[in-house]
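Undergrad: requesting a structural model of the entry that follows:
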Amino acid sequence: MRKYKHLILEQSETNFNLQQELQTIDQRIGLLLCHRLVVEKNYDKAVTDKVQSFASRLQEGRPINEEKKELYGHMILLLQNSPHYLARLARQLPLSEIDDFLQIVMFTVFGSGDARGEFQLLSVFECALNMEFTACPELGNLMRSNTATSRMMTSYSRREQGQVYLRKTLRPPLRILFEMSHINLDTDPVKIYRELGLKLIEDEKEISSENCAIFPEVQRVIEERVQCLMEMTSRFLSAITQSLDDVPYGVRWLCRTIKMLTRQKYRGATIENISSLIGGFFLLRFVNPAIISPDAFNIMEDKPSGNVRRNLTFIAKTLQSAANSAEYAKHKHLASLHNFVQLGNQQLHAFFAELCDVEDFFDQYRLQSIEAIADLEKTLVITPNDLFTLHRLMDKYRKSMGLAADDKMILLLDELGPPPQNLARQINTPLSLLLISRWDASTLQDIVVDANVDSSLQGGLASQRRHRVQTGADVELEQAKLVYESICSNHEALTRRLTTYHKYLQNVRGQAISINTLKTGHSSIQSSPAVTSAKRTLRLRKAPAFIDTSSQVKAIGPFAFKISKLDKAGVVVGSSENLPPLEDPARMNIVLTFSMPTPGVVNFSVRQKGRPPLFHIECTLDDLLDKVDSEEALKLGDVISLDAHKTLILLDRTIFRR
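TA: Take a look at the predicted model:
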């Protein structure tokens, strides 16, 4: 066991370093793309913008500084590992805010699809369901309204695992129904009466279901349609009840939790009550919406016709009636359908019982402290606006959530300050957050006891979980092996990503420059090479943006500028004793030259007129942009220091200029 813990720590450190390198490359790619966008946006303007204005535009592509990114990384990890925050917040949100919140939580914060993300998300559901059952004293009112918890469950069922299940299960019976688009399953006596064009009731006010159902013509059509409805519904019922092994684990776990909490909270609850609640989730919120709108769930390629969609609605209603054991005694013309529904009710009861027979997810995730070590390498790709939305909602409802003043989330919100406004769509580009906690990882995985939740419910869940936990050394060793294998697998994935990122950086570095070179506005002691370089690349003036020009432009430059001119322009901010001082006329003979041998790579040199260069320094565009971003000087060896902002503008007016 000690050996595996050492290996886990060692491999985690290696993965962490790889992740840091990936993050650095990712930042540089972002800077390059942002620079390209700025140049594209402003290439027609006069090149007289002030440095401050340029710097502010450069920051448009980086709306979150590194300090804020680190704080947001802490916040996301805290939300993932402490489920009570999201569960509490969801109960505070009005319907106008809940959908955007759930979209971010279900498909971004917990959208990785790995087992641990699923574990964390189901922990949120456990807290939310506890709160839902605690707040509802009457069984008859439970999960009937459109609450935050019911909306959460609906959103969860629409994740990829649920979509795969729905396509596999429902596509065969849907295809049959689509092929039989001519049939009509509407059993309403009034509609059938009017379809047949009967004039047997003189007073229009007397036309009702009861009066129309007495006519033999109407009864005959009803019987035909009921038989067809039962046949088609049977196809869907069989497909559902035979799909137990394909139902996603999370959906089954939710059904299991509903059953368990119902028995604990409502002692007199019957099997029918429990099946009705499970049917309210599994059928009403998961399966039936896909039956009614198969095109919206990408189950069928073709959009159903109006008649087919109505038939699908009748089938979905019949399935729901079977789950709820609906009575048809009042509708004599539907007597045969009543018997069918009762038989379907028995089949669904048996299916729901098997559906709930699934192990608790805690049985698979016992070594929380060891797994927390593996989390050192976790990252999350998320847009700034999604971060700002979570920040805004947490800050807005921090008081109503009942969090203590020294709560970890409150401390983070205080450090983050007021939530920023959402960005424009064109600059709301995804960023990569490194999820590292500033707190002891062992304290983050516990399910927090909520004061607003019935203690008997929490105690029941905890007691059922405790007796299932195995603490034997062999189990811990097996889990440690699995964790180590997972980390090694992650290392391979990181290595592949790093190789791809390096190639992408090289490509973006070449694409981030403008393609045309114009004559510089600065005085050049060797203007002819600059003009020649400009003419050499004019043929690329109309080349599209973001193309790979490395095969077209072999080299650009050199460009030469007197140091004395750059002194006055503020480009040069320092020089060594090896160069003549500012007041020395000999400084007029010192020249800074630069060229671009390959796209995105600049060679600088300093020389005295008529003599060989003192040195050569190579600088990539992303190196320079990093200096601009951090407001550092660009040092050319120990000889000269350049203002990074103004150097970038100088390069934009020459070799980077469109």
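Undergrad: contacts, neighbours, all on C-alpha from now
TA: OK.
Undergrad: report the buried residues of the helix or strand harbouring K69.
TA: Assigned by DSSP states H and E, K69 falls within helix 66-81. Of all the residues in helix 66-81, those buried under the rule 16 or more other Cα atoms under 10 Å are 69-81.
Undergrad: mind putting those residues in CSV, distance to L139 and pLDDT included?
TA: Formatted as CSV, the buried residues of helix 66-81 follow (distance: Cα to Cα, whole Å; pLDDT from 0 to 100):
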residue, distance to L139, pLDDT
K69, 45, 89
E70, 45, 90
L71, 42, 92
Y72, 40, 93
G73, 40, 91
H74, 39, 91
M75, 36, 93
I76, 35, 92
L77, 36, 90
L78, 34, 92
L79, 31, 92
Q80, 31, 89
N81, 31, 87
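Undergrad: quick one: list the elements packing against the helix holding K69.
TA: Judged by 3 or more Cα pairs under 8 Å, 6 or more residues apart in numbering; DSSP states H and E, helix 66-81 is in contact with helix 115-135, helix 408-416, strand 431-434.
Undergrad: show me the contact partners of stretch 149-168.
TA: Contacts to stretch 149-168, defined as Cα atoms under 8 Å, 6 or more residues apart in numbering, come from residues 90-91, 102-103, 106-107, 125, 128-129, 132, 143, 246-248, 251, 281, 285-287, 290, 297-299.
Undergrad: coming back round to it: so which of the helices and strands packed on helix 66-81 is nearest G344?
TA: G344 lies closest to helix 115-135 among these, at 28.1 Å (Cα to Cα).
Undergrad: and the helix or strand following the closest one, which residues are buried?
TA: Next in sequence after helix 115-135, counting helices and strands by DSSP H and E, comes helix 148-157. In terms of neighbour count (16+ other Cα under 10 Å), helix 148-157 has its buried residues at A148, T149, S150, R151, M152, M153, T154, S155, Y156, S157.
Undergrad: need the residues you listed in JSON lines (columns: pLDDT and distance to S489).
TA: Shown next, in JSON lines, are those (pLDDT from 0 to 100; distance: Cα to Cα, whole Å):
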{"residue": "A148", "pLDDT": "77", "distance to S489": "37"}
{"residue": "T149", "pLDDT": "80", "distance to S489": "35"}
{"residue": "S150", "pLDDT": "82", "distance to S489": "37"}
{"residue": "R151", "pLDDT": "83", "distance to S489": "35"}
{"residue": "M152", "pLDDT": "84", "distance to S489": "32"}
{"residue": "M153", "pLDDT": "83", "distance to S489": "32"}
{"residue": "T154", "pLDDT": "81", "distance to S489": "33"}
{"residue": "S155", "pLDDT": "82", "distance to S489": "30"}
{"residue": "Y156", "pLDDT": "82", "distance to S489": "27"}
{"residue": "S157", "pLDDT": "78", "distance to S489": "29"}
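Undergrad: circling back to that earlier point, among the contacts of stretch 149-168, which ones are in helices?
TA: A90, R91, L102, Q103, F125, A128, L129, E132, V251, F281, A290 (DSSP state H).
Undergrad: and the fourth one, what does it touch?
TA: With contacts defined as Cα under 8 Å, 6+ apart, Q103 is in contact with S155.
Undergrad: distance of it from I563?
TA: 56 Å (Cα to Cα, to the nearest Å).
Undergrad: and if you look at E223?
TA: Distance, E223 to I563, by Cα to Cα: 98 Å.
Undergrad: out of those two, which sits in the busier spot?
TA: Neighbour totals were compared for E223 and I563, and I563 leads with 22 against 17 (other Cα atoms under 10 Å).
Undergrad: right, and that one touches D584 too?
TA: No. Using Cα atoms under 8 Å, I563 makes no contact with D584, being 11.9 Å away.
Undergrad: dump the residue contacts of D622.
TA: D622 touches R28, I29, L31, L32, R509, G600, counting by Cα under 8 Å, 6+ apart.
Undergrad: doesn't S641 fall inside a strand?
TA: Yes. Assessed by DSSP: H, G, I helix; E, B strand; the rest coil, S641 belongs to a strand.
Undergrad: can you count the residues close to it?
TA: Using other Cα under 10 Å: S641 sits among 18 other residues.
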